[in-house]
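K.L.:
Return atomic coordinates for the entry below.
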Amino acid sequence: MALTLSIKNLHVSVEGKPILKGINLDVTQGEVHAIMGPNGGGKSTLAYALAGHPKYEVEAGEVFLGDENVLEMSPDERAQHGLFLAFQYPTAIPGVSMANFLRTAVNAVHGDMPITQFRKLLLDKMEMLKMDRSFARRYLNDGFSGGEKKRAEILQMALLQPKFAVMDETDSGLDIDALRIVSEGVNAVKAGNNMGVIVITHYNRILNYIRPDFVHILVDGRIILSGGQELAERLEAEGYDQIIKEHA
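P.N.:
Numbers count the residues shown, from 1 in each chain. Down below sits the predicted model:
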């Protein structure tokens, strides 16, 4: 039975300033939801609040993964229950190889895995994502291009096999070729484990590759309008101002 990530009346503040002002959203496994909106609307705040970043204080509301209360979990417990956040700006860690980082992440989420089993899993996922094996020996994001950093995030996603992935502006800084490669990776991971996906983005271009079932417009901490792919195409043609005037 497919699980649902259910967000009810979520209010979040940062350093005492209200950012999210009542978000309601249900995402079922296998669905893709795109959250779009202008800068400062609260898109990244939603991503970090779901992941459990301590800077983002939940003032009211509920978040359930199935019948489990996400807000009562620590960030690592949220990962163990199947939540994954792909960062807009992944951190570089010189001296730590991709392989060692990924094995630590897998063991933390799924329990200790024998090295031979992990190596086979890693190579299988790298082959699926069309990544050279030498990638695993490089230091984590150190000297990586924007596209390589995002592919490293997708590789981590493929290994952790989350139930739900929140992708915070994954298309930021990617050229057309890198965007296509990263999107194909997300689609492959989604198809492999029926993952639910929340794509946070400013632009329609990533949604040409990761096709959304639902599109939501987030403005000033509230979802003001929801629709399908046609809503993203309308945004591309008309911009945010017209829709905000009509629905804010």
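
K.L.:
Could you tell me how far stretch 116-128 lies from the centre of the chain?
P.N.:
When C-alpha coordinates are averaged (Cα atoms, centre = their mean, to the nearest Å), stretch 116-128 and its chain have centres 22 Å apart.

K.L.:
what comes up buried for it?
P.N.:
Phe118, Leu121, Leu122, Lys125, Met126 (16 or more other Cβ atoms under 10 Å). Where you see a C-beta, it was placed from the backbone N, CA and C, and this is true even at glycine.

K.L.:
Turn those into CSV, columns for secondary structure and pLDDT.
P.N.:
Listed next are those as CSV, based on DSSP: H, G, I helix; E, B strand; the rest coil; pLDDT from 0 to 100:
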residue, secondary structure, pLDDT
Phe118, helix, 96
Leu121, helix, 94
Leu122, helix, 95
Lys125, helix, 91
Met126, helix, 90
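
K.L.:
List just the nearest of the residues you listed to Val12.
P.N.:
Nearest to Val12 among those: Lys125, at 33.1 Å, using Cβ to Cβ.

K.L.:
hmm, back to that, now, among the buried residues of stretch 116-128, which is nearest to Ile176?
P.N.:
Relative to Ile176, the closest of these is Met126; by Cβ to Cβ it sits at 22.7 Å.

K.L.:
which strands and helices sit next to the helix or strand Arg119 falls within?
P.N.:
Using DSSP states H and E, Arg119 maps to helix 115-128. Under the contact criterion of 3 or more Cβ pairs under 8 Å, 6 or more residues apart in numbering; DSSP states H and E, helix 115-128 touches helix 98-110, helix 146-160, helix 176-193.

K.L.:
ok, 7 Å please
P.N.:
With contacts taken as 3 or more Cβ pairs under 7 Å, 6 or more residues apart in numbering; DSSP states H and E, helix 115-128 sits against helix 98-110, helix 146-160.

K.L.:
so which of those helices is the most packed in?
P.N.:
Among the helices and strands packed on helix 115-128, helix 146-160 has the highest mean neighbour count (mean count of other Cβ atoms under 10 Å), at a mean of 22.

K.L.:
Can you tell me which helices and strands it packs against?
P.N.:
Against helix 146-160 (3+ Cβ pairs under 7 Å, 6+ apart) you get strand 83-86, helix 98-110, helix 115-128, helix 176-193.

K.L.:
Next secondary structure after the third one?
P.N.:
Heading C-terminal from helix 115-128, the first helix or strand you meet, by DSSP H and E, is strand 139-140.

K.L.:
picking that back up, mind putting the helices and strands packed on helix 115-128 into TSV with mean pLDDT and distance to Arg137?
P.N.:
Output for the helices and strands packed on helix 115-128, formatted as TSV (pLDDT from 0 to 100; distance: least, Cβ to Cβ, whole Å):
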stretch	mean pLDDT	distance to Arg137
helix 98-110	94	7
helix 146-160	89	13
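
K.L.:
which stretch among the ones you listed comes nearest Arg205?
P.N.:
helix 146-160 (14.0 Å).

K.L.:
and Glu153, what is it in contact with?
P.N.:
By Cβ atoms under 7 Å, 6 or more residues apart in numbering, Glu153 lies in contact with Ala86, Phe87, Pro90.

K.L.:
Is the last one in contact with Asn141, as I believe?
P.N.:
Right, the one you point to is Pro90. Yes - with contact defined as Cβ atoms under 7 Å, Pro90 counts as touching Asn141 (5.2 Å).

K.L.:
For Asn194, grab phi and psi.
P.N.:
Backbone torsions of Asn194, given as degrees, to the nearest 10, read phi 60, psi 40.
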